[in-house]
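1. Sharing a sequence plus its predicted fold:
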Amino acid sequence: MSAFDESLFPFYEFAVQRAGVGIHAVNSEGRTIIYNDKMKDIEGLDLDDIRDLSILELFNFRQQPSTLMEVLQSGQEQLNIKQTYWNQNETEITTINNTYPIVNNGVLIGAVELSHDVTALEKFVLQPLTKDREPVLLNNIVAESESMKKIIATAKKAVRAKLPVLLVGEAGTGKDLVAQGIHHEVPVVDSSFYTLYCNRSDNQSIDRLATELKTDAPFTLFCERIDFLSIELQRKLLRILESSDLHKRQFIASIGEDPVELIASGSLLKELYYFFASFTIRFPPLRERKEDILPFVKRYLARRKESLGTALSNVADEVQELFLSYTWPGNIRELEMLLNEVASLSSAEITITFEMLPQHFRSKIAVMDEGAVPLPSFIMPSEKDLLPLDKFLREAESYYLQKALTIHDGNITRTANALSMSRQNLQYRLRKNKKGEEA
Ligand SMILES: Nc1ncnc2c1ncn2[C@@H]1O[C@H](COP(=O)(O)OP(=O)(O)OP(=O)(O)O)[C@@H](O)[C@H]1O
């Protein structure tokens, strides 16, 4: 088969588009040249969104080191790299990636990443192993920090008052867990816990809910992330809830950001907010209540030992310090998934040591240690966080140059060679960026 047989291109193209793995290929300059439908599903982006972006602009998309960029730099393949991130649709995604350099006639011409979406596997097979097998009780939730203790106390008051509750906090802070704790606080015979997973355009589940609410059965309804529903569906949900018997049911909802901002940006219906807001419970991110980190780890290891018989029961001092200094953008969920990963790869080890931490986590810590200013995220969660383009590009450039210098031990000549620029150009850009930072 000739490599240049152009009549085969439609077949290649078809196979790439229909493949069950995400495929993302970049040329040697880091420009995207292939981005298939599966990758679009995974990342929530379109080829048109990214075609004109250089890797500089793209590489912070996952807020994790870009394996494509690393492979372009090193020429070495990277296999079985697990990444968890929040895509453009604010959906949490876990992938396992294999990234390969593409070499033609001895010259590196680009890199290709194959992404396996294992989100469902994580959620339904791996995560339940760490979940409580018994009903979640408010008293069993890890609450060492003052703010978490206050959350538990307010949740108990809400149960007594039997009023709707609004849980406000970033993803992974424990809103779902507290909703379940509220449900189990005062057991009601035959009462069930229902979760309405709010999806922008999912009319059907709202209709199913309307039918369910017509019955007499007691239950707790948890509307998870109502801010993800379109305003039209929020209005419909409100109508259904208002026509239901409030005394028989416990209604709980969650949102991911401050309600005032969500209302102002048109993502939350004011009236729906008022419906739930009798008890508003705010969950601070984990980085603002670090006292919960080590107790959570301790409890996780004890449970894992009990259910799966793993030997792990301690954390080395060095790792404890890292856990306390890291910012945990994915909150307790991120910590829990990291522990899942470490524990599933452990055998007879008793203590979690630095060497047992996965490479992607160590890279994040390394970036923090270098004092690098985290890049503004390429995909912004809300309009207010958008930076002017030239400011974003300046920050991206500064970050990239610093990373490149670190890789080459601060050696200007080697760094300039690696970046295919002259020493003078590199020095000029470093000086310019420094002035920009001082200004
Ligand atoms: N205080 C805590 N004690 C024990 N486990 C916790 C605590 N907070 C969170 N978790 C665990 O972390 C994971 C994420 O929590 P949860 O699903 O409740 O977050 P969430 O705020 O509802 O996230 P999202 O907004 O993405 O739905 C769960 O597995 C949960 O069991």
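-> Now that the structure is in, tell me what you want to look at.
2. And for the residue in the stretch 1-150 of the chain that the ligand sits nearest to, the neighbour number?
-> Nearest residue of the stretch 1-150 of the chain to the ligand: Val142, at 3.4 Å (C-beta to the nearest ligand atom). Any C-beta I mention is one placed from the backbone N, CA and C, and that applies to glycine too. By other C-beta atoms under 10 Å, 19 other residues sit near Val142.
3. how close does the spatially closest residue to Arg282 that is not a sequence neighbour sit to Leu262?
-> The shortest distance from Arg282 to any non-neighbouring residue, by C-beta to C-beta, 6 or more residues apart in numbering, is to Val168 (4.8 Å). Distance of Val168 to Leu262, computed by C-beta to C-beta, to the nearest Å: 9 Å.
4. Quickly list what's touching both of those two.
-> Common contacts of Val168 and Leu262 (C-beta atoms under 8 Å, 6 or more residues apart in numbering): Ile255.
5. Would you list the phi and psi of the nearest residue to Val136 once chain neighbours are set aside?
-> Of all residues not flanking Val136 in the chain, Gln180 sits nearest, at 4.1 Å (C-beta to C-beta, 6+ apart). Main-chain dihedrals, Gln180, degrees, to the nearest 10: phi -70, psi -40.
6. cool, and Ile281?
-> Dihedral angles (degrees, to the nearest 10) for Ile281: phi -110, psi 120.
7. cool, Leu196 as well?
-> Torsion angles, degrees, to the nearest 10, at Leu196: phi -100, psi 110.
8. So what sits opposite it in the bridge?
-> Taking DSSP bridges as the rule, Leu196 bridges to Cys223.
9. Now for it: which residues touch it?
-> Counting by C-beta under 8 Å, 6+ apart, the residues that Leu196 touches are 205-206, 209, 221-224, 237.
10. Next up, identify which helix or strand Val178 is on.
-> Using DSSP states H and E, Val178 sits in helix 175-185.
11. What lies in contact with that helix?
-> The contact list for helix 175-185, computed with C-beta under 8 Å, 6+ apart, reads 135-138, 140-141, 151-152, 155-156, 158-159, 165, 167-169, 191, 193, 195, 220, 222, 224, 250, 252, 254, 281, 283.
12. Neighbours of the closest residue to the ligand within the chain, how many?
-> With C-beta to the nearest ligand atom as the measure, Gly174 is the residue of the chain nearest to the ligand, at 2.8 Å. By the other C-beta under 10 Å criterion, the neighbourhood of Gly174 contains 22 residues.
13. how much space between the nearest residue to Ser422 once chain neighbours are set aside and Ile109?
-> Closest residue to Ser422 apart from its sequence neighbours, by C-beta to C-beta, 6+ apart: Ala416 at 6.2 Å. Using C-beta to C-beta, one gets 22 Å for the distance from Ala416 to Ile109.
14. same deal with Thr119?
-> 32 Å.
15. Who has more neighbours out of those two?
-> Legend: neighbour count by other C-beta under 10 Å for Thr119 and Ile109, higher for Thr119 (15 against 11).
16. quick revisit: please tell me I have it right and the residue of the stretch 1-150 of the chain closest to the ligand contacts Tyr300.
-> No. Val142 lies out of contact with Tyr300 (C-beta atoms under 8 Å); the separation is 9.0 Å.
17. Could you name the helices and strands sitting against the biggest helix by length in the chain?
-> Ranked by number of residues, the top helix in the chain under DSSP state H is helix 389-407. With contacts defined as 3 or more C-beta pairs under 8 Å, 6 or more residues apart in numbering; DSSP states H and E, the secondary structure elements packing on helix 389-407 are helix 55-58, helix 412-418, helix 423-438.
18. and the residue of the chain closest to the ligand, what does it touch?
-> 141, 148, 283, 331-332.
19. where in the stretch 301-439 of the chain is pLDDT low?
-> 367-386, 434-439 (pLDDT under 70).
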